[in-house]
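Kindly return the folded structure for what I paste below:
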Amino acid sequence: MSLALALTDYKIRSLKIFKGAIIAYCLIHFAVIVAEYFLDLKSTSFEILLPSAVITIIVAVLSWRFPEARSVRAGLVLLMFFLVETHLLYNPRTFHVMGYWFAAVPLLALIIQGMRASQLWFVIILVSDVVNSLYVSSKFENGYQVTVETIPYLATTILYTFTILSASFLLYSLLGDAYSKANKENEELVLLQKSVEQKRNL
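Here you go, the predicted model:
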């Protein structure tokens with residue numbers, strides 16, 4: 001007797017949710033820039049944040065203009081992945097921070113691309129975690145020590161919490177809209193069946 005777990009990709013799409021994801025992505029990105037400017041988050045750098053902000057604006061505009069394009073949706077997820085990876089390569093001492101941010105990548109893919117894309121990104125993230133750990137180990141043979149400053153850490157925690165909650169709310173709305181649409185279509189089908197039966201009985 002074998003037990004198999006099958007995750008079906010239902011291809012749920014919502015233009016409203018996609019645009020919501022774009023807005024949330026941009027807000028979080030620029031919130032990080034503001035926090036870095038005023039607080040110095042220690043785990044980010046303007047050398048990465050500012051150029052990536054320009055790219056983010058370009059991708060956001062393209063996403064808004066061509067919301068149904070698969071390449072644009074994939075580009076938004078890819079941008080997030082490279083943003084996190086670049087920060088880690090730029091400063092290996094952020095390994096303990098960026099590891100958590102990587103988890104948001106397959107979550108974003110789930111919301112705007114679907115289950116299959118999210119599964120693929122999950123595998124990519126796992127491989128990246130292993131490769132990154134080897135890279136960091138080559139830089140610091142005995143690990144590394146960090147000094148945690150309360151205010152920058154608090155700001156980062158708030159930003160990360162907002163990111164995860166935003167993704168959760170968007171996913172909940174996506175599933176809720178799909179459920180409501182399915183119920184509406186089911187009600188219309190029931191009404192149609194009743195109408196047909198009534199005509200037959202005449």
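
What count of nearby residues applies to Ala21?
Number of residues near Ala21 (other C-beta atoms under 10 Å) recorded here: 23. The C-beta positions use only the backbone N, C-alpha and C, and glycine is treated the same way.

Helix or strand: which one has it?
Assigned by DSSP states H and E, Ala21 belongs to helix 15-39.

In this protein, where is pLDDT below threshold?
For the chain, residues meeting the criterion pLDDT under 70 lie at 1-11, 202.

Quick check, central residue of it?
Leu108 (2.1 Å; C-alpha atoms, centre = their mean).

which residue packs closest to it, ignoring adjacent ones?
Val77 (5.4 Å; C-beta to C-beta, 6 or more residues apart in numbering).

which parts of the host helix or strand of the one you found are buried?
Element membership for Val77 (DSSP H and E) is helix 70-90. By neighbour count with 16 or more other C-beta atoms under 10 Å, helix 70-90 contains the buried residues 72-73, 75-77, 79-81, 83-88.

Could you export it as PDB, CA atoms only?
The C-alpha trace of helix 70-90 is given here as PDB (Å, rounded to 0.1, in the frame of the first residue of the first chain):
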ATOM      1  CA  ARG A  70       4.000  34.900 -17.900                       C
ATOM      2  CA  SER A  71       7.500  36.300 -18.400                       C
ATOM      3  CA  VAL A  72       6.600  39.500 -16.500                       C
ATOM      4  CA  ARG A  73       5.200  37.400 -13.600                       C
ATOM      5  CA  ALA A  74       8.300  35.200 -13.600                       C
ATOM      6  CA  GLY A  75      10.500  38.400 -13.700                       C
ATOM      7  CA  LEU A  76       9.000  39.800 -10.500                       C
ATOM      8  CA  VAL A  77       9.800  36.500  -8.600                       C
ATOM      9  CA  LEU A  78      13.200  36.300 -10.200                       C
ATOM     10  CA  LEU A  79      13.900  39.900  -9.100                       C
ATOM     11  CA  MET A  80      13.100  39.100  -5.500                       C
ATOM     12  CA  PHE A  81      15.400  36.100  -5.600                       C
ATOM     13  CA  PHE A  82      18.300  38.000  -7.000                       C
ATOM     14  CA  LEU A  83      17.800  40.900  -4.600                       C
ATOM     15  CA  VAL A  84      18.100  38.600  -1.600                       C
ATOM     16  CA  GLU A  85      21.000  36.500  -3.200                       C
ATOM     17  CA  THR A  86      23.000  39.700  -4.100                       C
ATOM     18  CA  HIS A  87      22.700  41.000  -0.600                       C
ATOM     19  CA  LEU A  88      24.100  37.700   0.800                       C
ATOM     20  CA  LEU A  89      27.000  37.600  -1.700                       C
ATOM     21  CA  TYR A  90      27.800  41.200  -1.100                       C
END
